[in-house]
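> next comes the sequence, and after it the predicted model I'd like to discuss.
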Protein chains: 2
Amino acid sequence: MPTEVADAYIRGAGMHRFGRWPDKPLREMSTEAVLASLADAGISPSDVDVAYFANSLGGLLVGQEALRGEVCLHDAGIFGIPIINVENACAGGATALWGAIRAVRSGEFRVALAIGAEKMFVGDTQRTLAALQTAADVEATQGQGLQFVALYAMRLEERLASGSFTTQHLAHVTRKGKANGAANPYAQFGTIMTDEEILGARVIAGPLTLPMVAGISDGAAAVIVMGEPDEAGGIKVRASVLSSGTVDGLGEPVVRQTIHRAYEEASIGPSDIDVAEVHDAVSPAELFRYEELGLCPAGEAGTLLESGATSVGGRIPVNPSGGLTARGHPVGATGLAQIVELVWQLRGQAGQRQVAGCRIGIAQNSGGWIDGDTAVGSVHILEGGA
Amino acid sequence: MPTEVADAYIRGAGMHRFGRWPDKPLREMSTEAVLASLADAGISPSDVDVAYFANSLGGLLVGQEALRGEVCLHDAGIFGIPIINVENACAGGATALWGAIRAVRSGEFRVALAIGAEKMFVGDTQRTLAALQTAADVEATQGQGLQFVALYAMRLEERLASGSFTTQHLAHVTRKGKANGAANPYAQFGTIMTDEEILGARVIAGPLTLPMVAGISDGAAAVIVMGEPDEAGGIKVRASVLSSGTVDGLGEPVVRQTIHRAYEEASIGPSDIDVAEVHDAVSPAELFRYEELGLCPAGEAGTLLESGATSVGGRIPVNPSGGLTARGHPVGATGLAQIVELVWQLRGQAGQRQVAGCRIGIAQNSGGWIDGDTAVGSVHILEGGA
């Protein structure tokens, strides 16, 4: 890292609501998110100097490989500039943001667009699930694919056996997510559920039941990055970290590594965080994130949850958006939806789910599995009113 | 652009020979190209700080979507760093290089790897051709797909009708490419052919015959980018330009635009170029490139070719590697194979096809079609002995 890193600010944020949108092609959701982010930043399509477009499954699910960004940004008037199509499984959105931040920091570009868009509902669930299994080493897994739900289930069984989690914790964190989703007009799932309903639902991989697992989603999220704050005081990028699985037992797993490096880059610690958006491909994964983020000591995630600290209104609300399992998880868009939520929170625009007086937000996005570790990790720290 | 752009140098270059490699998975070709580029740079896998991995059709043809770089770089010992999977149809390789150059210019990373790898032979030509048609707006073309051969055929028919090209020119430029390929141990096709054989071959789309059209290829190419030259005097990046189709009649088409911007960035003109690698998805496209590069006035490409100026041994050799139609065109790898060839030429390591005393080389890579223009254009200018 150079001694002095140039500033970058999130100047605009926009989303196409996550959900099931059978009549909306990828380009239409992209256009809506881009135009919303441009309007929010008060700029025009022709002001954009470089664009990073994240999508993971367009080739396999909607047949648009190769030129996804050029095709999907065209209707929004984004062309004649460098368009970089990026992909990193469920961390593609964070990868696009990582690129956009660096484009602006370098001074080469004044305005960078980062967008993630995904269309997963294609009328054939098995095809969607098969496509998702490419977020792993397809050759090494011999068609057994991702199995991320099974991996989480195993980790949870261990914690249940050791007594540090109870099934009540798994239900509680899921219920909290769904309730937050119900307060988020951009979320796919907003059902208020009881613990009994959650635990009594169909078992996907014990102890995980259906409402605990991120489903299939369509949607898009976009942000505008620039080198200066706006007059009202912008959302400053305090840290931007991306890495890949450390594998082979070298170093710490990538999720912890990226969190620690982000704290270091921002010169802050866990106690400085006011609001967090974390990657919960299954709701109880949020509990692992509490410990990885250092919001509580190892083994005490359940206790932190029970205390209400991570609910909206608590000391350190986590996933006020509803997280992946309630907001929805259109894989390439998720990393940027986390950022859009933080921008709205840090500006005080989050309505019913607003975290009062928040100033520092953290977004933790990850993706895929390779050789026993998460394949991609990314953490961004934002500061409001900066 | 900032007033002062930091320097970047190509410090290592390596390839897996382009060809038909039914027994070699994408990861194996990637590993070979990466290790060759590292050895050439005299560094280890652990020295690499960031990697850009270009591939276009892995999801559709070999089933590895989402995490192509993480999966394919693992065996070469590249992990625990940011890995950015990029895609831009036939210009993916140049897009990876564009990113790697900026990573180094920023000062954030000391060593950047750019690699392009593609596996197109999958035992089903129709499937490969269908995948290639995603290098266009799939929805707008309604399954008619790319049709790039037909578009080139139409442009060539116009030039033949106007008298500025003859069928002999089309044969000559193809013959020149195949002969260069025959002198390139990394080329897929190295057959010496006569004009009669070329013109008498199967017609693909009149006036284009089979030997004039880039075929199906497997292969990989990789380069190492750093901020300082090596002791022997490095290969300096004098210009790095990427853009997308300007469409809607705004400005000039992207291929010309990127060439002009690259000349401007390098503060040079066409007469300074000693060697060129250009994007000839059909061999006669090289003739269009002569005019776009300003190597001759508009309408005089045929005359320039006839003069022998663009042959190895001539004033300004073009495609000494054989170009796309002889070296082969594994789409995501092509843009970096052009760079590898320029590095070898500028160092005087190109063997039988060496361009004597060359100092400045230009690589022009492009990809896809959208709304009447090339979708992606990229130009890099390198200087040897710098």
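Perfect, thanks for sending it.

> quick test: name the residue nearest the centre of chain A.
Centrality entry for chain A: nearest residue to the mean C-alpha point is residue A:335, 3.1 Å, by CA atoms, centre = their mean.

> what's the pLDDT at it?
On the pLDDT scale, residue A:335 is placed at 98.

> pLDDT at the nearest residue to it once chain neighbours are set aside, what is it?
Nearest residue to residue A:335 in three dimensions, chain neighbours excluded: residue A:93, at 2.7 Å (CB to CB, 6 or more residues apart in numbering or on different chains). For glycine as for every other residue, the C-beta is placed from the backbone atoms N, C-alpha and C. pLDDT for residue A:93: 98.

> all helices of the stretch 101-250 of chain A, in order?
Remark: helices assigned in the stretch 101-250 of chain A by DSSP state H, counting those that start in this stretch are A:125-132, A:148-162, A:167-182, A:195-200.

> and residue A:90, backbone torsions?
phi -70, psi -10 (degrees, to the nearest 10).

> show me the contacts for it.
A:56, A:135, A:279, A:281, A:329, A:331, A:334-335, A:365-368, A:376 (CB atoms under 8 Å, 6 or more residues apart in numbering or on different chains).

> give me the lowest-pLDDT entry from the residues you listed.
Out of those, that is residue A:135, at 87.

> follow-up on the earlier one: now the residue nearest to residue A:335, what's its secondary structure?
For residue A:93, the assignment made with DSSP: H, G, I helix; E, B strand; the rest coil gives helix.

> give me the phi and psi angles of the residue nearest to the centre of chain A.
Per degrees, to the nearest 10, the backbone of residue A:335 is at phi -60, psi -30.

> domain ranges for chain A, per the record?
A:9-125+A:218-235, A:140-216+A:237-383 (automatic domain parsing).

> hang on, the earlier thing: buried ones among the contacts of residue A:90?
A:56, A:135, A:279, A:281, A:329, A:331, A:334-335, A:365-368, A:376 (16 or more other CB atoms under 10 Å in any protein chain shown).

> of those, which belong to helices?
Among these, the residues falling in helices (DSSP state H) are A:331, A:334, A:335.

> picking up where we left off before, most tightly packed of the domains of chain A?
domain A:9-125+A:218-235 (a mean of 24; mean count of other CB atoms under 10 Å in any protein chain shown).

> looking at this, residue A:321 is in a strand?
No - Residue A:321 is assigned coil when assessed by three-state DSSP, not a strand.

> what about residue A:10, which SS state?
Assignment for residue A:10 (three-state DSSP): strand.

> need the contact list for it.
Residue A:10 touches A:223, A:224, A:225, A:234, A:235, A:237, A:339, A:343, A:382, counting by CB under 8 Å, 6+ apart.

> the last one belongs to a helix?
Same thing as residue A:382. No - assessed with three-state DSSP, residue A:382 is strand; it does not lie in a helix.

> give the contact list for it.
A:10, A:235-238, A:339, A:342-343, A:346, A:360-363.

> where do the helices sit along the stretch 251-386 of chain A?
According to DSSP H, counting those that start in this stretch, the helices that the stretch 251-386 of chain A contains are A:254-266, A:285-293, A:301-306, A:323-327, A:331-347.

> check contacts around residue A:178.
A:189, A:190, A:191, A:192, A:193, A:211, A:322, A:325, A:326.

> confidence-wise, which of these comes last?
residue A:190 (80).
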